[in-house]
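Trainee: Got a predicted structure here, sequence first:
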Amino acid sequence: MFPTALLWAGLLGTLLLVEPGIGRRGRGGRESSRGGRGGGRESSREFRPSMWADQANLVSMMQSSLIAIKPTIFDINLNDMMRPICFLGQVSESDMPGFYEPKKFVYRNTSEKSDVPNVNRAAPPPSRASNAKTQTQVKPFPHKPKKDDPQGCGNPVCVIIDSKPRRFKSLCEFKSFLQTENRLSQVNFVQKGDCYDIIDNPEGAEKKTWSDNAKDCSMCRENDLCNGPIVVVVDLGSYLNGKSSAPGGGIHKENSEEGTKQSGIPFEFCSICEAMKFFENSENLNIATQLVGIGFGKTCNLFPLNG
């Protein structure tokens, strides 16, 4: 659309370059009827065929300067949506003197004999400590909706907060924690499933769902924890193909000239139940997507355009 608009603008501009000459010629004819030298000069400015050649050259120059667009219409692998690789800068060794130099260690000479007798020469007595495990295995939360929550609060989730994994029985319980800690305006990475289930079990919550009972959101609208705006940021690859482009995902490209990751799309909903209902309608989201970003509030407040 953008290059086409430029092309039409160029053609219109070249036509406008010709119109003044034609108009002046007509005016010149009227002036020549009145007599005078001015009319003669205006009538002599006739349209020349060489103008069309100048216009053609101008159009060809504009076409060559337009941005080339890939002719791909159906991009199944979403390669055109990949972000370019961001190479981090490296500090020059000349700017950091002594930083890259190997550290020097001073070792003591332990081969010298001491005149002080060793009082601990005898063998230590047998230990009376128990070999039993002092920590019991933590039982994960059942992967089902919390009993006291309204419909649509979702299943257990795991969230990393202050570098510590925290588990919650539902998104409503997670929102209650953020509200108590005054962190509702914070966007967090949320993974489906209990933290212990994800860490201890090989499959974790890979085949489990985000929600199972988001059918009727009437009770959610009457609940302060369930109701209210929520923004869910989903990877574009997860939304379209069910494969994340983030590190560890199915289509992540570690070293590629085309890019390494796709963008995240923020979806705003009026309540948690509406968000979970949206997830239940898509298998790519409800099952295949493992990690999303969640923030409680409006998109314009969580991601302001004015910084």
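Mentor: Good, I have the coordinates.
Trainee: need the helices for this protein, in chain order.
Mentor: For the chain, helices defined by DSSP state H occupy the ranges 2-34, 37-44, 50-65, 171-180, 195-200, 218-221, 236-241, 272-280, 283, 299-302.
Trainee: Okay, buried residues for the fifth one please.
Mentor: Counting neighbours by 16 or more other Cβ atoms under 10 Å, one finds that the buried residues in helix 195-200 are Cys195, Tyr196, Asp197, Ile198. No exception for glycine: its C-beta is placed from N, CA and C like everyone else's.
Trainee: now it: mean pLDDT?
Mentor: Across helix 195-200, pLDDT averages out at 91.
Trainee: And the nearest residue to Asn155 once chain neighbours are set aside, how close does it get to Thr289?
Mentor: Among residues not flanking Asn155 along the chain, His143 sits closest, at 5.4 Å (Cβ to Cβ, 6 or more residues apart in numbering). His143 sits 16 Å away from Thr289 when distances are taken as Cβ to Cβ, to the nearest Å.
Trainee: Which one of the two is surrounded by more residues?
Mentor: Per other Cβ atoms under 10 Å, whichever of His143 and Thr289 has more neighbours is Thr289, with 24 against 15.
Trainee: contacting residues for the more buried one?
Mentor: Lys192, Trp210, Val234, Asp235, Ser238, Tyr239, Gly242, Ser244, Phe279 (Cβ atoms under 8 Å, 6 or more residues apart in numbering).
Trainee: any weak-confidence spans in the stretch 101-250 of the chain?
Mentor: In the predicted model of the stretch 101-250 of the chain, residues 101-123, 247-250 satisfy pLDDT under 70.
Trainee: how close does Asp216 get to Cys273?
Mentor: Look at Asp216 and Cys273: by Cβ to Cβ, they are 8 Å apart.
Trainee: Pull up the overlap in contacts between the two.
Mentor: Contacts common to Asp216 and Cys273, judged by Cβ under 8 Å, 6+ apart, are Gln151.
Trainee: Domains in the chain, by residue range?
Mentor: Domain ranges of the chain: 2-65, 157-302, per automatic domain parsing.
Trainee: hang on, the earlier thing: more neighbours, Asp216 and Cys273?
Mentor: More neighbours surround Cys273 than the other of Asp216 and Cys273, with 31 against 12 (other Cβ under 10 Å).
Trainee: Tell me which residues touch that one, please.
Mentor: Pro150, Gln151, Gly152, Cys153, Ala214, Cys217, Cys220, Arg221, Cys226.
Trainee: One more: Leu291?
Mentor: Phe189, Val190, Gln191, Ser244, Ala246.
Trainee: cool, Asn188 as well?
Mentor: So Asn188 contacts Val159, Ile160, Ile161, Leu178, Gly293, Ile294, Gly295 (Cβ under 8 Å, 6+ apart).
Trainee: Just give the number of residues close to the last one.
Mentor: Read it as Gly295. Counted with other Cβ under 10 Å, the neighbours of Gly295 add up to 24.
Trainee: I'd like the distance between it and Val159.
Mentor: Separation of Gly295 from Val159 (Cβ to Cβ): 12 Å.
Trainee: ditto for the fifth one
Mentor: The spacing between Gly293 and Val159, counted by Cβ to Cβ, is 11 Å.
Trainee: likewise Asn286?
Mentor: Distance of Asn286 to Val159, computed by Cβ to Cβ: 18 Å.
Trainee: And Glu203, by the same measure?
Mentor: Distance, Glu203 to Val159, using Cβ to Cβ: 20 Å.
Trainee: Please identify which of those two sits among more neighbours.
Mentor: Between Glu203 and Val159, counted using other Cβ under 10 Å, the more crowded position is Val159 (19 against 10).
Trainee: contacting residues around that one?
Mentor: Pro165, Arg166, Arg167, Phe168, Phe174, Asn188, Phe189, Val190, Gln191.
Trainee: ok, now Arg221?
Mentor: Counting by Cβ under 8 Å, 6+ apart, Arg221 has contacts Asn227, Ser271, Cys273.
Trainee: Closest one of these to Phe303?
Mentor: Phe303 lies nearest to Ser271 out of those, by Cβ to Cβ, at 19.6 Å.
Trainee: just to revisit the earlier point, quick check on the contacts of Cys273: which are buried?
Mentor: Here, 16+ other Cβ under 10 Å leaves Pro150, Gln151, Gly152, Cys153, Ala214, Cys217, Cys220, Cys226 buried among those.
Trainee: For those, could you give me TSV that also reports distance to Gln135?
Mentor: Shown next, in TSV, are those (distance: Cβ to Cβ, whole Å):
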residue	distance to Gln135
Pro150	36
Gln151	36
Gly152	36
Cys153	31
Ala214	37
Cys217	41
Cys220	38
Cys226	35
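Trainee: tell me which of the residues you listed is nearest to Leu305?
Mentor: Distance to Leu305, by Cβ to Cβ, is smallest for Cys226 among those, at 28.7 Å.
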